[in-house]
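# No sequence on hand, only this structure:
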């Protein structure tokens, strides 16, 4: 997707084209933290600190960057409440719910397939080099 073609129409999306914007969207949704944040928010809305506890291992900086990226892409809604202390809630937009359902299916599949993957790894590691 290099340029807008004549008539103002975009070329058809092609995630395999390095210039296609769909590749960036895919990277944001399927990034290490993007998948986990979407999955958590698929359950319910969270405040920042709650979400950080839910997504174990994410740093404050990475969570903030991930939320900002997902908000910019239209997946996450950020609601700041004018209270003291400040309170910010994060939830999914309709587009975010679509993406979260897809990555949740992949996450659940990976959880179910851990024994199979561990068996495959053991077999691979046992092969003569």
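Sure thing, it's come through. Quick caveat: nothing in here was measured; it's all calculated off a predicted structure.
# average model confidence for the helix or strand containing residue 105?
In this structure, residue 105 is located in helix 94-112 according to DSSP states H and E. Regarding helix 94-112, the rounded mean pLDDT is 95.
# Which other helices and strands does the lowest-mean-pLDDT helix or strand in the chain contact?
For the chain, using mean pLDDT, DSSP states H and E, the weakest element among its helices and strands is helix 21-30, scoring a mean of 92. In this structure, helix 21-30 makes packing contacts with helix 32-43, helix 94-112, judged by 3 or more C-beta pairs under 8 Å, 6 or more residues apart in numbering; DSSP states H and E. Quick note: C-beta positions are derived from backbone N, CA and C, even for glycine.
# residues in contact with the first one?
It stands for helix 32-43. Taking C-beta atoms under 8 Å, 6 or more residues apart in numbering as the criterion, the residues outside helix 32-43 that touch it are 28-29, 46, 51, 54-55, 58, 62-63, 66-67, 69-70, 75-76, 90-92, 96-97, 99-101, 103-104, 106-107.
# Provide a ChimeraX selection command restricted to the buried entries of these.
Only the buried members of the contacts of helix 32-43 end up in this ChimeraX selection, burial being decided by 16 or more other C-beta atoms under 10 Å:
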select :28,29,46,51,54,55,58,62,63,66,67,69,70,75,76,90,92,96,99,100,103,104,107
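# Name the residues of the least confident helix or strand of the chain that come out as buried.
Neighbour-count burial for helix 21-30 flags 23, 25, 28-29 (criterion: 16+ other C-beta under 10 Å).
# tell me the phi and psi of residue 16?
The main-chain torsion angles of residue 16 are listed as degrees, to the nearest 10 and equal phi -80, psi -10.
# Return the per-residue confidence for residue 46.
Reported pLDDT for residue 46: 97.
# Bridged to the residue nearest to it when sequence neighbours are not counted, which residues?
What sits nearest to residue 46 in space, not counting adjacent residues and going by C-beta to C-beta, 6 or more residues apart in numbering, is residue 90, at 5.6 Å. On the basis of DSSP bridges, residue 90 takes part in beta bridges with residue 46, residue 78.
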